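Enquirer: sequence first, predicted coordinates after that:
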Amino acid sequence: MAKGRPAGLRLETAVRTQIEFQQSSLDDLLAADHRARQVWDYVEELDLSVLYGRVQTTVSSSGRPAIDPAILVSLWLYATLEGVGSARMLDRLCKTDLACLWLLGGVSVNYHTLSDFRGSAGPVLDELLSQSLTGLIASGSVAVKVLAVDGMKLQSLASGRSFRSAGRLAELHRASVETVRKLRAEVDEDPAASERRIKARRLAAAEDRVRRLEKARRAQAKIEKRRDEAAAGQRRKEPRKDGGESRASTSDPDARVMKMGDGSFRAAYNVQVKTAVDGAHVVGVSVTDRGSDYGLLNEAVGEIERRYGVTPDKLLADGGYFSKTDIETLHGRGIELFCPLPRKGRTDPALPKRGDGPGTIAWRQRMTGERGLAFYRRRFATERPHAH
């Protein structure tokens, strides 16, 4: 009861637990200018022939019909605009959020449907988002002349026990190949249908393990090659303190052991986020298996150029991206880098060092002045960007 309400009054109060039957449609409940309507109108104009070509249910086939790809595309586009990237979160919204219910129009979806569609149609969705942002950039609604780049470590589900050395991976791979050979022979020779189905499932599981082990072996070779290149670049003459043995995960071969924000080392991915500083719009996201951000600036610029056909004038990044090679390349292309000066050592970081090129010298001078520092601080405005 609200405070100050005297006893004895007869009032009509809210009863929100009463079950009611209302005569209205979803279309009546959603505002005419709601963003969900704009998303649907936009999706209806798209060419989704690639997605419709994957649908196998027809008017002559039996079973439950497939969900219209236009509905799933509109759901993911709307979720992206609202800053939702999780299939589980979108699944919850599809049960309670009026806009998502309107887009569904009575069609039922679940987490697996949403997740599987995003996985299979990921490149198509990515291209659609790129096209829409390209239009916004061309119209001047989104400006990418000043670009901020930041990395975020995303922990993998792979456990530390799943990481194996090259020798151990080779042993597991040979054993798995032999298991597959024996199971395939049993399936071919066994006449009993029920037992054959059981062995077929075991065979499928064994073949999947062979594929994962083969992928892990390729990942381990890639890690070893990258280490050798880094050692050659640093002219390392002493063996690595960790023994130099590279390892890869059998459950998630794409993951790498990385140093996390809390100082611990865990299996993870390095997610690179590119944000247009003016307006704080996310204009690019990529995932790499490199444990550090060092040397990733040119890749960031290249992604923006491929997606939208524009090149930023200025680039903002933290100290982890510092690479003289990147700085010189960016300088040669007329792109100013705003990245803090390193504070290691006793020498003044603003003074030119041996091996500095014209781009590195210009960068040191730029970040010594108050203008450069003030401009770099604009990067912090992108820490909570709007998702687009």
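Expert: Yes, it's here. Just so it is clear, the structure is predicted and the values come from calculations on it, not from any experiment. Residues are numbered from 1 along each chain as shown.
Enquirer: make it CA atoms for all contacts and neighbour counts henceforth
Expert: Will do.
Enquirer: now stretch 353-362: buried residues?
Expert: For stretch 353-362, a neighbour-count test (16 or more other Cα atoms under 10 Å) marks 357, 359, 360, 361, 362 as buried.
Enquirer: list the contacts of it.
Expert: With contacts defined as Cα atoms under 8 Å, 6 or more residues apart in numbering, stretch 353-362 is touched by 324, 327, 328, 329, 330, 331, 332, 352.
Enquirer: repeat for stretch 121-140
Expert: 51, 73, 77, 118, 142, 143, 144, 283, 307, 308, 388.
Enquirer: kindly recompute the last result at 7 Å.
Expert: By Cα atoms under 7 Å, 6 or more residues apart in numbering, the list of residues contacting stretch 121-140 from outside reads 142, 143, 307, 308.
Enquirer: now, those that are in helices?
Expert: 307, 308 (DSSP state H).
Enquirer: what packs against the lengthiest strand in the chain?
Expert: Counting residues, the longest strand found in the chain (DSSP state E) is strand 265-276. Under the contact definition 3 or more Cα pairs under 7 Å, 6 or more residues apart in numbering; DSSP states H and E, strand 265-276 sits against strand 146-155, strand 256-259, strand 281-288.
Enquirer: spell out the secondary structure type for the closest residue to residue 307 other than its chain neighbours.
Expert: Of all residues not flanking residue 307 in the chain, residue 130 sits nearest, at 6.1 Å (Cα to Cα, 6 or more residues apart in numbering). Under DSSP: H, G, I helix; E, B strand; the rest coil, residue 130 falls in the helix class.
Enquirer: and residue 130, how far is that from residue 319?
Expert: Distance, residue 130 to residue 319, by Cα to Cα, to the nearest Å: 29 Å.
Enquirer: of those two, who's got more company?
Expert: residue 130 (19 against 15; other Cα atoms under 10 Å).
Enquirer: check the gap between the more buried one and residue 283 for me.
Expert: 8 Å.
Enquirer: ditto for residue 18
Expert: To residue 283, residue 18 is 46 Å away according to Cα to Cα.
Enquirer: of these two, who's got more company?
Expert: The residue with more neighbours, out of residue 18 and residue 283, is residue 283; 26 against 6, by other Cα under 10 Å.
Enquirer: confidence score at the more buried one?
Expert: Looking at residue 283, its pLDDT stands at 83.
Enquirer: quick check: it touching residue 274?
Expert: Yes. Counting by Cα atoms under 7 Å, residue 283 does reach residue 274; the two are 5.8 Å apart.
Enquirer: follow-up on the earlier one: can you check which of the helices and strands packed on strand 265-276 gets nearest to residue 338?
Expert: Among those, strand 146-155 comes nearest to residue 338, with 9.4 Å by Cα to Cα.
Enquirer: dump the C-alpha coordinates for that closest one into CSV.
Expert: C-alpha atoms of strand 146-155 as CSV (Å, rounded to 0.1, in the frame of the first residue of the first chain):
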residue,chain,number,x,y,z
VAL,A,146,39.4,8.6,-36.4
LEU,A,147,39.6,5.0,-35.5
ALA,A,148,40.2,3.4,-32.0
VAL,A,149,41.6,-0.2,-31.8
ASP,A,150,41.4,-2.3,-28.7
GLY,A,151,41.9,-5.9,-27.8
MET,A,152,40.0,-8.1,-25.4
LYS,A,153,40.9,-11.6,-24.2
LEU,A,154,37.9,-13.9,-24.4
GLN,A,155,38.4,-17.1,-22.4
